[in-house]
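1. Kindly generate the corresponding structure for this input.
(2 chains, ligands or ions: 1)
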Amino acid sequence: MNVTQIYKLLASVTDPEIPVLSILDMGVVRGVEFSEGIVKITITPTYSGCPAMNEIEKNIIETLRLAGVSFVKVNTILSPAWTTDWMTEEGKQKLMEYGIAPPLSPSADKKALMGEVRQVTCPNCKSKHTQMLTLFGSTACKALFKCMDCLEPFDYFKCLR
Amino acid sequence: MNHQHLFEYVLQLADNANVLSHRLGQWCGHGPVIEQDIAMTNLALDLIGQARNLYQYAATIEGKGRTEDDMAYLRDGWDFYNLLLTELPNGDFGKTVARQFLYDTYALLFYSELKNSPNEMLAAIAEKSLKETAYHYRWSSEWVIRLGDGTEESHRKMQEGLNEVWRYTDEIFQPVEREKILIAAGVLPDLAALKPQWEEKVRAVIEEATLSLPEAAGMQYGGKTGRHTEALGYILAEMQYMQRAYPGLEW
Ligand SMILES: [Zn+2]
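-> Here you go, the predicted model:
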């Protein structure tokens, strides 16, 4: 088993709160290394209070174990702090298809959350005629929006920088 | 500077986050509208996360095998070092917003400085917390403005909320012994230097909200040395009940 193969396995570990995204799409995996027969995986939390982190750690260990990698150590680091800039383009695409508007560029995000410009695309009908309902949504990482055309409410994944 | 100073100081920061989180959590199911109910529990969750990081670090510094849970659930009130501000009862939504806004403004400035601390763990926790605090500050400052510059009633309640919590703000900036030592050692930013920045930021929002700055009279101190208002006992009774009644309980 080499590093590339470990990454392949990690691609099947998903975020329990957003099951379409793998932890690689999310950008929470910060490193994989072998040392003295142990695979060391470094992860970083999205938010300090993210309840999914313990689950993710367990899932990493279990996934690798099932593939025959028994000696795994998961190390959590806080710095450098996670940012939505680490989410992959593929991840953003998957989010949109899943019904969550992906994070915009930081400057566009600021304008969107201040209600200045209509920038956030409705994942349902692709209209940009959308409005923020509240800065804090169903989880720490999301704001709640509403589409003024199809009238569906939807989550927007806030930028964190 | 010795281990004990750093240990107690990290607890102080952790207790701030933990106690304020508990207060915000008490709004769950009682918010004025569901969106704000959810917002307050979101803030509470971020603060719990920050408290966990800090309690874990405190447990490591102490090195006696205690865990983050022991720190939160098995210490008594006089061993809690949180600011009095964080334990104040929620009151109405205006008072909760006032308490949050004054705390967030401080936290924003403080973490911006602490992230440059030579203590790598404190710096990392500050860097992480700062990103979350930026959202908290946006939420609370917007509500101060919305309520202050709203109806006659919302203006009155927002002003009353500010007046009530104001006397608990100077404690933030008056260093106690352990803080003086850590500031002198360069681990902490100078709290006194943060105060004018805090005042300026607070004043700007209060003016935009058409509110007035409360009078600085009868300032209260004591939380950082474990002398609390009666409110903390009630918080701990609720927070610690399960672990006290059923030691080691897990679920
Ligand atoms: Zn739509």
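2. Tell me which stretches of chain A form helices.
-> A:3-10, A:23-26, A:52-66, A:89-98, A:106-113 (DSSP state H).
3. Identify whichever of these lies nearest to residue B:13.
-> Ranking the helices of chain A by proximity to residue B:13 (CB to CB) places helix A:52-66 first, at 20.4 Å. For glycine as for every other residue, the C-beta is placed from the backbone atoms N, C-alpha and C.
4. Just want the angle from the closest one to helix A:3-10.
-> Using axes from the mean of the first three to the mean of the last three CA atoms, to 10 degrees, the inter-axis angle of helix A:52-66 relative to helix A:3-10 is 120 degrees.
5. For helix A:52-66, buried residues please.
-> By neighbour count with 16 or more other CB atoms under 10 Å in any protein chain shown, helix A:52-66 contains the buried residues A:52, A:53, A:56, A:57, A:59, A:60, A:61, A:63, A:64.
6. Show me the contact partners of it.
-> Helix A:52-66 is contacted from outside by A:6, A:9-10, A:12-17, A:23, A:28, A:39, A:41, A:43, A:45-46, A:72, A:74, A:76, using CB atoms under 8 Å, 6 or more residues apart in numbering or on different chains.
7. Contacts made by the helix or strand of chain A with the lowest mean pLDDT with the rest, please.
-> Every helix and strand in chain A was compared by mean pLDDT, DSSP states H and E; the lowest is helix A:106-113, with a mean of 72. Contacts to helix A:106-113, defined as CB under 8 Å, 6+ apart, come from residues A:85, A:103-104, A:117-120, A:132, A:135, A:143, A:156, A:158-159, A:161, B:138.
8. run the last query once more with 6 Å
-> A:117, A:119, A:120, A:159, A:161 (CB atoms under 6 Å, 6 or more residues apart in numbering or on different chains).
9. roughly how far apart are the residue in chain A sticking out farthest from the centre and the ion?
-> No residue in chain A sits farther from the centre than residue A:36, which is 30.9 Å out by CA atoms, centre = their mean. Here residue A:36 is placed at a distance of 54 Å from the ion (CB to the ion, to the nearest Å).
10. Secondary structure element holding the nearest residue to residue B:121 once chain neighbours are set aside?
-> For residue B:121, ignoring the flanking residues on the chain, the nearest one in space by CB to CB, 6 or more residues apart in numbering or on different chains is residue B:57 at 5.3 Å. Using DSSP states H and E, residue B:57 falls within helix B:34-62.
11. Check the offset of that helix from the chain's centre.
-> Helix B:34-62 sits 10 Å away from the centroid of its parent chain (CA atoms, centre = their mean, to the nearest Å).
12. Beyond that helix, next helix or strand please.
-> Following helix B:34-62 toward the C-terminus (DSSP H and E): helix B:68-73.
13. Quick check: next helix or strand after that next one?
-> Following helix B:68-73 toward the C-terminus (DSSP H and E): helix B:84-87.
14. what pLDDT, on average, does that next one get?
-> Helix B:84-87 shows a mean pLDDT of 98 in the predicted model.
15. Tell me which other helices or strands that helix touches.
-> When contacts are defined as 3 or more CB pairs under 6 Å, 6 or more residues apart in numbering or on different chains; DSSP states H and E, helix B:84-87 packs onto helix B:3-25.
16. Name the residues that touch the helix it packs on?
-> Counting by CB under 6 Å, 6+ apart, B:40, B:43-44, B:47-48, B:50-51, B:54-55, B:57-58, B:61-62, B:72, B:80-83, B:86-87, B:90, B:178, B:181-182, B:235, B:239 sit against helix B:3-25.
17. repeat for stretch B:107-117
-> Contacts for stretch B:107-117 (CB under 6 Å, 6+ apart): B:122-123, B:126-127, B:129-130, B:133, B:137, B:187, B:189, B:194, B:197-198.
18. If we check chain A, which of those are in contact?
-> Of the residues in the contacts of stretch B:107-117, proximity to chain A by CB under 6 Å from any CB of the partner chain holds for residue B:127.
19. check contacts around the residue in the stretch 1-150 of chain B that the ion sits nearest to.
-> In the stretch 1-150 of chain B, the residue that lies nearest the ion is residue B:35 (19.3 Å; CB to the ion). Neighbouring residues of residue B:35 by CB under 6 Å, 6+ apart: residue A:134.
20. neighbours around the closest residue to residue A:156 other than its chain neighbours, how many?
-> Closest residue to residue A:156 apart from its sequence neighbours, by CB to CB, 6+ apart: residue A:101 at 4.3 Å. By the criterion of other CB atoms under 10 Å in any protein chain shown, residue A:101 has 25 neighbours.
21. And the pLDDT for residue A:105?
-> On the pLDDT scale, residue A:105 gets 77.
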